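Novice: Provide a 3D model corresponding to the input given below.
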Amino acid sequence: MDSEKEKMLRGELYDANYNPQLIAERMECKKRCRAYNDLQPDMLEERKALMKSLLGKTSGEFFIEQPFYCDYGYNIEIGENFYSNVNLVILDGAKVTFGDNVFIAPNCGFHTAGHPLDVAQRNQGLEYARPITVGNNVWIGAGVNVLPGVTIGDNCVIGAGSVVNRDIPANSLAVGNPCRVIRSI
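Specialist: Take a look at the predicted model:
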């Protein structure tokens, strides 16, 4: 029988609320996020080392402002020259991949988790997770939320306050709720 974690990683419905393994993994991640957020801002080496131990993959240069929150950490991959401002939230039940030269403004969220429309399944604590991919050279404006299964192409700018619920093709300026491409760049 497959574990709830295996189901989660395959994008199937899984028990997120009551499974002891996933609860323990999230609790450990929360403790590590708290340790990161509690470090003094000028403790740059310690901050980078803790983040490297938390995330699934990091490249050479990156900077994540405090506070930062995620569910598991091991499903997050960031490319070279990654920067995020304060209050980044990544709910990483599925893989969240950021390319090189990605800049994220304050108060942004990347949410791989979704819940069934069926009330009985939802009340059982079932959910699903779909991967999020952000290409190279992408700027995400303040207060953006990216929803499960979305891919944002290379060289995009996502305007502040957008809710990205569908793929955004490369070389696009996209804004709004729901987020829509307004022109090529």
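Novice: part of a helix, is residue 66?
Specialist: No - going by DSSP: H, G, I helix; E, B strand; the rest coil, the assignment for residue 66 is coil, not a helix.
Novice: that one: what's it in contact with?
Specialist: 36-37, 39, 41, 47, 86 (Cβ atoms under 8 Å, 6 or more residues apart in numbering). (C-beta placed from N, C-alpha, C; glycine too.)
Novice: and what of residue 109?
Specialist: Counted by Cβ under 8 Å, 6+ apart, residue 109 has contacts 88-91, 144-146.
Novice: and the two most separated of the residues you listed?
Specialist: 91 and 144 (14.3 Å; Cβ to Cβ).
Novice: neighbour-wise, which of these two wins?
Specialist: For residue 91 versus residue 144, the count of surrounding residues by other Cβ atoms under 10 Å is larger for residue 144: 25 against 22.
Novice: and residue 111, how many neighbours?
Specialist: Residue 111 sits with 20 neighbouring residues when counted by other Cβ under 10 Å.
Novice: begin at 245, not 1, for the rest of this chat.
Specialist: All set: I'll call the first residue 245, so the last point we hit is now residue 355.
Novice: residues touching it, list them.
Specialist: 333, 335, 376, 389-392.
Novice: now, which of those sits nearest residue 268?
Specialist: residue 335 (17.1 Å).
Novice: please name the bridge partners of the closest one.
Specialist: Beta bridges link residue 335 to residue 355 when assigned by DSSP bridges.
Novice: for residue 287, see how far away it is.
Specialist: Separation of residue 335 from residue 287 (Cβ to Cβ, to the nearest Å): 26 Å.
Novice: one more: residue 295?
Specialist: 12 Å.
Novice: state the helix or strand in which residue 296 lies.
Specialist: According to DSSP states H and E, residue 296 maps onto helix 288-298.
Novice: now do the same contact list for the residue nearest to residue 306 when sequence neighbours are not counted.
Specialist: In this structure, residue 306 finds its nearest non-sequential neighbour in residue 326, 4.0 Å apart by Cβ to Cβ, 6 or more residues apart in numbering. Counting by Cβ under 8 Å, 6+ apart, residue 326 makes contact with 302-303, 305-308, 342, 344-346.
Novice: one more pass at 6 Å, please.
Specialist: Residue 326 makes contact with 306, 342, 346, according to Cβ atoms under 6 Å, 6 or more residues apart in numbering.
Novice: which parts of the protein are helices?
Specialist: Listed in chain order, the helices of the chain (DSSP state H) span residues 248-254, 264-282, 288-298, 363-367.
Novice: how deep is the closest residue to residue 405 other than its chain neighbours tucked in, by neighbour count?
Specialist: In this structure, residue 405 finds its nearest non-sequential neighbour in residue 387, 4.8 Å apart by Cβ to Cβ, 6+ apart. Residues lying near residue 387 (other Cβ under 10 Å) number 16.
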